[in-house]
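Asks: Generate coordinates for the sequence data below:
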Amino acid sequence: MKIIRRNLEKPPQPKEGKDTSKGKGDEVRKKLKWNVSHEDALKSLQERNNLDAHPSPLTEEILAERKNSWI
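Replies: Below is the predicted model of the structure:
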């Protein structure tokens, strides 16, 4: 959904291309019975998964340690 919206806002896009993208987005939302709560749930899952994968913010020291561990 995010990509479809981003593509709709990306200039320049011919009117027929924009209409096609909007139509595809509408079709997907209709098939999935999509609403805002779905988008919020997916965003929450993504944030949680990011925190699980990267519990602490990356710093120069952490990156250097990881680089050295690969060598």
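
Asks: For Asn35, see how far away the nearest residue to Arg5 once chain neighbours are set aside is.
Replies: Closest residue in space to Arg5, ignoring its immediate chain neighbours: Gly25 at 7.2 Å, by Cβ to Cβ, 6 or more residues apart in numbering. Where C-beta positions appear, they are placed from N, C-alpha and C, glycine not excepted. Look at Gly25 and Asn35: by Cβ to Cβ, to the nearest Å, they are 14 Å apart.

Asks: Check Arg6 too.
Replies: 20 Å.

Asks: Compare Gly25 and Asn35 (neighbour count), which wins?
Replies: Gly25 (17 against 9; other Cβ atoms under 10 Å).

Asks: I'd say the more buried one and Arg6 touch.
Replies: No. Using Cβ atoms under 8 Å as the test, Gly25 is too far from Arg6 to be in contact (10.8 Å).

Asks: what residue ranges in the chain score low on pLDDT?
Replies: 1, 7-8, 10-14, 17-18, 71 (pLDDT under 70).

Asks: so Arg29, which of the three states?
Replies: helix (DSSP: H, G, I helix; E, B strand; the rest coil).

Asks: Good, wrapping up.
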